[in-house]
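Engineer: Provided below are the primary sequence and the corresponding predicted coordinates.
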Amino acid sequence: MPDGDPHHVAIIMDGNGRWALRRGLPRTVGHEAGAKAAEELLRFIARETGIRVVSLYAFSTENWARPAAEVRFLMELLRRFIAKRIDELAQEGIRLRVCGDLAGLPEDLRETIEDTVKRTAEHRKLVVNVALNYGGRAEIVRACRELATSVADRGTAIAELTEERFAETLDTSGLPDPDLVIRTGEERRLSNFMLWQVAYAELYFTDVLWPDFGPEDLRAALEDFRSRERRFGALSQGGE
Ligand code: FPP
């Protein structure tokens, strides 16, 4: 297993729509191709890399603003992705986790998620954390509400509200912070993804559209990651 690989990689999978439109195809075809790319990449990650956690930004709180037919298509695609592709990947030792406000999702998708999360809970090879109806700010507000409730109703002392306690209250509780964020598809922004968790992550942007992002592109991102010196606010070894 290659040394120096990041422990946790968070991926903003952008560019499905443009991939399809540039081929004269409907956007939904791009999403299907994106799901296939995700499955192939997860299989590669599980087999060939030292990565232990992958977070995938699948549906943001802002994505509800898309046309209703596209939202419906994405919800059904995500349900199928989890029921079928994650199910197959489970044989590779993959464990499913999710983050985001699941209460806002269609019931059949929620049930599929709950079932798969339970069934894969003991798997240890790779955690696949899918962000659904997810927004970093919304997640932070949810955590604040939970902590405020704990102070008001359960007598939690203000002094107990530490960074560690806050992190444990987020959806990603128990997962290490991402070491590397990859965004495909030409834009260079975080779009409300894991705002708290990416505080010290390395950022990697590529113009490759998500359906075209394959193992070779990931290798390039990992190579770039290895070349970076991570200081977490401290001085470098030479004191510079
Ligand atoms: C971005 O492309 C992609 C999405 C909003 C949906 C992501 C969903 C998948 C890749 C399906 C597979 C699911 C998982 C969990 C791997 P876009 O529509 O924003 O593209 P555009 O910016 O070119 O319009």
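Structural biologist: Good, I have the coordinates.

Engineer: Phi first, then psi, for residue 126.
Structural biologist: phi -150, psi 130 (degrees, to the nearest 10).

Engineer: Look at it and report its pLDDT.
Structural biologist: What the model reports for residue 126 is a pLDDT of 97.

Engineer: And for it, the neighbour number?
Structural biologist: For residue 126, the tally of surrounding residues (other C-beta atoms under 10 Å) stands at 20. In this view, the C-beta of every residue, glycine as well, is placed from N, C-alpha and C.

Engineer: again, but for residue 232
Structural biologist: Going by other C-beta under 10 Å, the residues that sit close to residue 232 add up to 6.

Engineer: show me what contacts it?
Structural biologist: With contacts defined as C-beta atoms under 8 Å, 6 or more residues apart in numbering, the neighbours of residue 232 are residue 200.

Engineer: hmm, the least confident helix or strand in the chain by mean pLDDT touching the ligand?
Structural biologist: In the chain, the helix or strand scored least confidently by mean pLDDT, DSSP states H and E is helix 87-89, which has a mean of 84. No. Applying C-beta under 6 Å from any ligand atom, one finds helix 87-89 separated from the ligand by no less than 10.7 Å.

Engineer: centre of the chain versus that helix, how much separation?
Structural biologist: Relative to its parent chain, helix 87-89 has a centroid offset of 18 Å by C-alpha atoms, centre = their mean, to the nearest Å.

Engineer: how about the following helix or strand past that helix: buried residues?
Structural biologist: Note on helix 87-89: by DSSP states H and E, the next helix or strand toward the C-terminus is strand 94-99. By neighbour count on 16 or more other C-beta atoms under 10 Å, the buried set for strand 94-99 is 94, 95, 96, 97, 98, 99.

Engineer: For the ligand, what is the nearest residue in this protein?
Structural biologist: residue 17 (2.5 Å; C-beta to the nearest ligand atom).

Engineer: what residues are up against that residue?
Structural biologist: So residue 17 contacts 27, 30, 31 (C-beta under 8 Å, 6+ apart).

Engineer: Equivalent analysis for residue 189, please.
Structural biologist: Neighbours of residue 189 in contact, by C-beta under 8 Å, 6+ apart: residue 183.

Engineer: about what we covered before: can you name the helix or strand that the residue of the chain closest to the ligand falls in?
Structural biologist: helix 16-21.

Engineer: which regions of the protein sit below the pLDDT cut-off?
Structural biologist: Within the chain, the stretches with pLDDT under 70 are 1-2, 237-240.

Engineer: Give me every residue in it lying close to the ligand.
Structural biologist: Residues of the chain lying close to the ligand (C-beta under 6 Å from any ligand atom) are 13-18, 31, 34-35, 38, 56, 58, 63, 74, 77-78, 81, 130, 185, 210.

Engineer: Got a PyMOL select line for the buried ones in these?
Structural biologist: A single PyMOL command suffices to select whichever of the residues of the chain next to the ligand are buried according to 16+ other C-beta under 10 Å:
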select buried, resi 13+14+15+16+17+18+31+34+35+38+56+58+63+74+77+78+81+130+185+210
